[in-house]
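Q: need the 3D shape of this:
(chains A and B)
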Number of protein chains: 2
Amino acid sequence: MAANSLLAGAVQILCVIAYKGEEGTNAEFIATSLKTNPVVVRRILKSLENEGLVEVRQGRNGGVALKRRPADITLDDIHKAVEGSDGLFALRRNGNPRCPVNKSMKSLLTPVFAAASEAVEKTLKHTTLEHLVEKI
Amino acid sequence: MAANSLLAGAVQILCVIAYKGEEGTNAEFIATSLKTNPVVVRRILKSLENEGLVEVRQGRNGGVALKRRPADITLDDIHKAVEGSDGLFALRRNGNPRCPVNKSMKSLLTPVFAAASEAVEKTLKHTTLEHLVEKI
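A: Numbering: from 1, shown residues only, chains lettered A, B, ... in the order given. Alright, predicted model coming up:
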């Protein structure tokens, strides 16, 4: 995959929420930090909410708040929220069932791809939202 | 990014070439293993050729051969060939220059993203094309 900035966007959203603190914030305010459309922010907030990282309150007094302390949110949690937990690399779905090379790919690549995903997870787990916010 | 199977496809292409050995092969034959269009194979072969992993000969007696021994081609080389070396995660390009959170993102995320890319590189370097082909 080409490098994409979805993780960076989600991290920035959570940093804005953590930085604003108790008074809370909303998608419109967060969007001014990212210089993007609130729709983009809401879409990412939905993924973060599904993963239990934020609570989004609708309506007039709506807004968004963290559901865990910043020390308990790692970059791996954020990565999983926005990218799912399918891992970094996927096997191919099609292939010739009679080709010996094709038949070997699944068993050969599965452990390598799993190791690569685990290596990224381990790295991203080292950094918490708190680590980032305390340096802002 | 969502997991994609580009690396798996490129690995399979190189395994077919290595498995066929000296007599060589071509995009049409490789495509039958992947059960895909030769155009797809040619596009990936182009990336592998640009990275110095294969030699593609055009014309009637055309075909494709490895330019290095399978023991000297790692999955990291193949990954770099097909995905470039931009790293796994990108920073966002836009952002509010007056927002303290936005201003901090580059310096905070660059080392974390670099560490994640390095972790994947290190893992993929452990596996060579030879490791895979000798198990087919």
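
Q: gap between A:Thr25 and B:Asn50?
A: Distance, A:Thr25 to B:Asn50, by CB to CB, to the nearest Å: 46 Å. For the C-beta atoms, the positions are set from N, CA and C on the backbone; glycine is no exception.

Q: these two: who's more crowded?
A: A:Thr25 (18 against 10; other CB atoms under 10 Å in any protein chain shown).

Q: just confirm that one contacts A:Ala18, I think it does.
A: No. The pair A:Thr25 / A:Ala18 is not scored as a contact, 9.9 Å apart, by CB atoms under 8 Å.

Q: contacting residues for the spatially most central residue of chain A?
A: Central residue of chain A (CA atoms, centre = their mean): A:His79, 2.8 Å from the mean position. Shown in contact with A:His79 (CB atoms under 8 Å, 6 or more residues apart in numbering or on different chains): A:Leu7, A:Val120, A:Glu121, A:Leu124.

Q: check what pLDDT it gets.
A: Looking at A:His79, its pLDDT stands at 96.

Q: ok, the closest residue to A:Leu88 other than its chain neighbours - how many residues close by?
A: Nearest residue to A:Leu88, sequence neighbours excluded (CB to CB, 6 or more residues apart in numbering or on different chains): A:Ser117, at 4.9 Å. A:Ser117 sits with 18 neighbouring residues when counted by other CB under 10 Å.

Q: I'd say A:Ser117 and A:Gly84 touch.
A: No. The pair A:Ser117 / A:Gly84 is not scored as a contact, 11.3 Å apart, by CB under 8 Å.

Q: averaged pLDDT, stretch A:39-56. What do you get?
A: 96.

Q: distance from the chain centre to it, please.
A: In terms of CA atoms, centre = their mean, to the nearest Å, the centre of stretch A:39-56 is found 10 Å from the chain centre.

Q: give me the contacts around it.
A: A:6, A:9-10, A:13-14, A:17, A:27, A:30-31, A:34, A:62-68, A:73, A:77-78, A:80-82.

Q: check these one by one and keep those near chain B.
A: Restricting the contacts of stretch A:39-56 to those near chain B by CB under 8 Å from any CB of the partner chain leaves A:Leu6, A:Gly9, A:Leu34.

Q: check the first one and give its pLDDT.
A: In this prediction, A:Leu6 carries a pLDDT score of 94.

Q: where's it relative to A:Val16, distance?
A: 16 Å.

Q: what segments of chain A are helices?
A: A:6-20, A:27-34, A:38-50, A:75-83, A:100-125, A:129-133 (DSSP state H).

Q: tell me the most buried of these?
A: helix A:6-20 (a mean of 24; mean count of other CB atoms under 10 Å in any protein chain shown).

Q: gap between the spatially closest residue to A:Leu132 that is not a sequence neighbour and B:Glu83?
A: Setting aside the residues directly before and after it, A:Leu132 is nearest to B:Leu108 in space (CB to CB, 6+ apart), at 5.0 Å. Distance, B:Leu108 to B:Glu83, by CB to CB: 24 Å.

Q: ok, now how distant is A:Glu83 from chain B?
A: 7 Å (CB to the nearest CB, to the nearest Å).

Q: ah, wrong one, I meant A:Val112
A: Where chain B is concerned, A:Val112 sits at a distance of 5 Å (CB to the nearest CB).
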